[in-house]
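Engineer: Okay, here's the prediction I keep looking at, along with the sequence it came from:
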Amino acid sequence: MAIDTPITIVSASRLTAEAFPAESLLGRSLRLPAHQACDTRIHTANREPLGAIYNEALEQLHPESLVVFCHDDVWLGEACLRTPLLEALERFDLVGVAGSRRILPGQPTWWLQPDGRTWDHPHLLGEIRHGDPGASEPIRFGASPAPAMLLDGVFLAARAGTLQAAGVRFDPAFPFHFYDLDLCRSALAAGLRLGVWPLSLIHASPGAAGSTDWQLGLECYRRKWEPSLTASPSPSSPSMTSAAPAFEITTSRQLLSWLAEQQLSLALTTYQIGKLFSLGLKASGELAVFERTFNRCMGLSASGDGNGFYMSSLHQIWRFENMLAPGQQTDGFDRLYVPQLGFTTGDCDIHDMAVDADGQLVFANTLFSCLATTSATHSFRPLWRPPFISRLAAEDRCHLNGLALRDGQLAYVTAVSTSDAADGWRERRRDGGVLIDVLANEIVASGLSMPHSPRWHQGRLWLCNSGTGEFGHIDLASGAFEPLTFCAGYLRGVAFHGDYALLGTSKPRHNKTFSGLPLDDALAQRNVEARCGIQVVDLRSGDAVHWIRFEGLVEEIYDVITLPGVRNPSLIGFVSDEIRRLISIEEEP
């Protein structure tokens with residue numbers, strides 16, 4: 001790909017040419033250094049159908065041009081769009097920031113089901129922020145990047161030549177509303193690939209779903225694509241911000257009392273929606289929930305000194321440091337965790353992490369099928385690979401995902417199979433999993449089903465036999481897995497606190513990775529649905545004595561850690577401006 005691939009931004013505004021640069025979010029964005037090299041086709045004082053304007057620009061562009069169609073109330077962010085768009089258009093032909101993975105007959109928008117009121121979870125994808133650069137809130141719909149069938153027209157990108165060659169154009173019959181869904185269906189009919197991609201955009205408007213113009217657009221859309229349906233749009237169809245995707249946390253009756261008694265808080269990650277959560281207690285004793293956005297956050301590990309923790313993300317590892325002194329509070333929080341130190345690793349698909357007795361951070365480098373540590377000069381430094389892996393290669397050969405320390409030293413890892421071929425583990429998901437002794441360099445247990453999260457605790461090696469929904473320990477003498485309990489969900493993420501194990505459960509994705517596992521039969525036999533949350537299991541009995549359950553937007557958890565001695569933690573992220581104002585000074589010598 002040429003690094004000078006031109007980008008053309010096409011938009012229309014009712015503002016005058018004089019007012020547009022200062023009074024529209026897009027106009028203000030285009031004045032930033034990151035976007036000044038972009039070619040722009042802005043139709044000001046516009047009264048023409050948006051599709052006609054977009055088509056006119058498309059016909060004039062060079063085939064290799066990257067073309068962006070976006071609304072005038074969109075903030076493009078402070079980073080150049082070229083690199084992420086080039087990456088996105090390697091995978092997809094038409095890219096947006098939010099959308100849906102399915103089309104339902106009669107649905108009035110891409111985010112609602114045909115009744116016009118119910119959000120179409122879990123089929124929604126992507127994220128968009130609403131507000132302005134000074135104060136915005138994310139509306140996260142689901143995974144990103146991900147293939148899609150419908151895209152929101154707030155921001156659409158493609159190679160001009162791809163649309164030109166496929167004969168895909170905007171339909172001027174749609175003055176504004178539904179031109180995006182119409183384009184998506186035309187693109188699908190032409191065999192193009194659609195998808196969402198994570199971009200740091202802000203949209204000022206929540207949309208106008210339900211307005212008179214919107215209803216007219218829906219009637220036109222249905223006449224074209226669904227002529228057998230009666231056009232009966234609901235005048236109260238909600239906008240994207242009037243009924244944000246459902247997110248609810250419920251707990252067992254005694255969970256909050258238990259956290260208080262144990263003087264314990266939790267941190268957990270979900271890479272499904274890119275969130276790091278902390279769970280603690282307010283002064284009133286109610287559950288306190290704090291979250292910050294980190295793309296594909298996964299592995300968690302206590303830092304070893306009791307003052308922070310590590311977290312892996314899409315292409316970096318972050319060390320979070322508590323900025324509050326002992327006994328200090330701010331706004332009711334007794335810890336303030338800041339991503340203070342970062343290591344750029346590239347996208348190595350880092351899973352489990354741990355800090356050894358020497359203070360060295362070790363992580364499961366899943367993409368390269370090895371254990372590794374950070375490097376000041378490179379993406380990572382390999383430490384060990386399984387005996388059946390012939391060489392380091394970015395091929396995720398065995399899906400090495402979990403690691404366990406014993407007495408502060410590297411001891412065990414889990415892998416989904418012993419494959420030595422690219423992505424070969426997927427063919428052995430049901431019973432090809434292994435536990436490997438790192439020091440002996442040999443397999444000590446086999447026949448496991450997608451094992452995860454090995455941990456050494458109270459003289460035993462515990463792990464999740466995720467494909468069966470069972471948590472238990474390995475008899476190291478015989479190699480047998482001894483289940484302690486079954487949990488209704490795909491198990492992944494283990495933390496211990498005394499005689500208790502805190503286990504992360506997820507709802508299995510509806511794809512080949514999770515289909516056909518013994519877990520399916522186990523859930524059916526127990527007449528129970530998979531759940532997403534945390535199960536607190538008593539190691540002495542195997543009973544689930546407490547639980548936390550996530551409903552709605554969050555369906556998968558990757559890792560969980562305990563924060564002993566912490567009542568109500570807070571977190572700092574990179575999306576909002578708070579990190580700009582948080583400055584700490586180390587004491588002078």
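Structural biologist: Ah, there it is.
Engineer: got the phi/psi numbers for Leu255?
Structural biologist: phi -60, psi -50 (degrees, to the nearest 10).
Engineer: burial count for it?
Structural biologist: Leu255 sits with 18 neighbouring residues when counted by other Cβ atoms under 10 Å. (Each C-beta comes from the backbone N, C-alpha and C, glycine too.)
Engineer: Low-confidence bits of the stretch 1-150 of the chain, can you list those?
Structural biologist: Within the stretch 1-150 of the chain, the stretches with pLDDT under 70 are 1-4, 136.
Engineer: Run through the residues that contact Gly493.
Structural biologist: Counting by Cβ atoms under 8 Å, 6 or more residues apart in numbering, Gly493 touches Leu268, Thr269, His452, Ser453, Cys464, Leu503, Gly504, Ile557, Tyr558, Asp559, Val560.
Engineer: mind putting the residues you listed in a markdown table, pLDDT, distance to Val10 and secondary structure included?
Structural biologist: Below are these laid out as a markdown table (pLDDT from 0 to 100; distance: Cβ to Cβ, whole Å; DSSP: H, G, I helix; E, B strand; the rest coil):
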| residue | pLDDT | distance to Val10 | secondary structure |
| --- | --- | --- | --- |
| Leu268 | 97 | 42 | strand |
| Thr269 | 97 | 38 | strand |
| His452 | 98 | 46 | strand |
| Ser453 | 98 | 48 | strand |
| Cys464 | 98 | 49 | strand |
| Leu503 | 98 | 50 | strand |
| Gly504 | 98 | 44 | strand |
| Ile557 | 95 | 41 | coil |
| Tyr558 | 97 | 39 | coil |
| Asp559 | 98 | 42 | strand |
| Val560 | 98 | 45 | strand |
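Engineer: Who wins on neighbours among those residues?
Structural biologist: Cys464 leads the contacts of Gly493 on contacts (other Cβ under 10 Å) with 30 neighbours.
Engineer: Could you list everything it pairs with in the sheet?
Structural biologist: His452, Phe471 (DSSP bridges).
Engineer: Double-check that Ile249 belongs to a strand.
Structural biologist: Yes. The assignment for Ile249 (DSSP: H, G, I helix; E, B strand; the rest coil) places it in a strand.
Engineer: Now do the contacts for it.
Structural biologist: Leu279, Leu287, Val289, Ile548, Arg549, Phe550, Glu551.
Engineer: helix/strand/coil for Val289?
Structural biologist: Three-state call for Val289 (three-state DSSP): strand.
Engineer: can you list the domains in the chain?
Structural biologist: 7-225, 250-577 (automatic domain parsing).
Engineer: and the gap between Ser390 and Leu461?
Structural biologist: Distance of Ser390 to Leu461, given as Cβ to Cβ, to the nearest Å: 27 Å.
Engineer: Between the two, tell me which one has more neighbours.
Structural biologist: Leu461 (21 against 11).
Engineer: Now that one. Its backbone dihedrals?
Structural biologist: Here is the backbone geometry of Leu461 (degrees, to the nearest 10): phi -100, psi 110.
Engineer: Likewise for Gly27?
Structural biologist: Dihedral angles (degrees, to the nearest 10) for Gly27: phi -60, psi -40.
Engineer: surely it meets Phe20?
Structural biologist: Yes. Between Gly27 and Phe20 there is a contact under Cβ atoms under 8 Å: 4.5 Å.
Engineer: what sits in contact with each of the two?
Structural biologist: Ser13, Ile42, Asp72.
Engineer: Surely the last one is in a helix?
Structural biologist: Right, the one you point to is Asp72. No. Assigned with three-state DSSP, Asp72 falls outside any helix and is coil.
Engineer: and the longest helix belonging to the chain, how far from the chain's centre?
Structural biologist: The longest helix of the chain (DSSP state H) is helix 212-225. Distance of helix 212-225 from its chain centroid, counting by Cα atoms, centre = their mean, to the nearest Å, is 33 Å.
Engineer: Report the rounded mean pLDDT for that helix.
Structural biologist: Helix 212-225 carries an average pLDDT of 85.
Engineer: Go through that helix and flag the buried ones.
Structural biologist: Neighbour-count burial for helix 212-225 flags Trp214, Gln215, Leu216, Gly217, Leu218, Cys220, Tyr221, Arg222 (criterion: 16 or more other Cβ atoms under 10 Å).
Engineer: pretty sure Ser506 is touching Glu555, no?
Structural biologist: Yes. The pair Ser506 and Glu555 qualifies as a contact (Cβ under 8 Å) at a distance of 6.6 Å.
Engineer: list residues touching both of the two?
Structural biologist: Contact with both Ser506 and Glu555 is made by residues Cys532, according to Cβ under 8 Å, 6+ apart.
Engineer: picking that back up, quick one: the domains of the chain as JSON lines, columns for distance to Glu586 too.
Structural biologist: Below are the domains of the chain laid out as JSON lines (distance: least, Cβ to Cβ, whole Å):
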{"stretch": "domain 7-225", "distance to Glu586": "28"}
{"stretch": "domain 250-577", "distance to Glu586": "11"}
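Engineer: for those domains, which one sits closest to Glu587?
Structural biologist: Among the domains of the chain, the nearest to Glu587 by Cβ to Cβ is domain 250-577 (11.6 Å).
Engineer: re earlier: just the buried residues of helix 212-225 now: which is nearest Ala495?
Structural biologist: Checking the buried residues of helix 212-225 one by one against Ala495 (Cβ to Cβ), the nearest turns out to be Trp214, at 47.7 Å.
Engineer: List the residues that contact the nearest residue to that closest one once chain neighbours are set aside.
Structural biologist: Nearest non-adjacent residue to Trp214, counting by Cβ to Cβ, 6 or more residues apart in numbering: His177, 4.8 Å away. With contact set as Cβ under 8 Å, 6+ apart, His177 has these partners: Ala208, Asp213, Trp214, Leu216, Gly217, Leu218.
Engineer: coming back round to it: out of the contacts of Ile249, which sit inside strands?
Structural biologist: The members of those that map onto strands under DSSP state E are Leu279, Leu287, Val289, Ile548, Arg549, Phe550, Glu551.
Engineer: Among these, which has the minimum pLDDT value?
Structural biologist: Among the ones in strands among the contacts of Ile249, Glu551 has the weakest pLDDT, 86.
Engineer: Going by residue numbers, what spans are strands in the stretch 1-150 of the chain?
Structural biologist: For the stretch 1-150 of the chain, the strands defined by DSSP state E, counting those that start in this stretch occupy 7-12, 39-43, 66-70, 74-75, 94-96, 98-100, 124-132, 135-140, 146-148, 150-151.
Engineer: on contacts alone, who are the packing partners of the third one?
Structural biologist: Spelled out, it's strand 66-70. Identification of packing neighbours for strand 66-70 by 3 or more Cβ pairs under 8 Å, 6 or more residues apart in numbering; DSSP states H and E yields strand 7-12, helix 50-60, helix 82-91, strand 155-159, helix 160-166.
Engineer: now the angle from that strand to helix 82-91?
Structural biologist: Counting by axes from the mean of the first three to the mean of the last three Cα atoms, to 10 degrees, strand 66-70 lies at 100 degrees to helix 82-91.
Engineer: Strand 66-70: partners in the sheet, and parallel or antiparallel?
Structural biologist: With DSSP bridges as the test, strand 66-70 pairs up with strand 7-12 (parallel), strand 155-159 (antiparallel).
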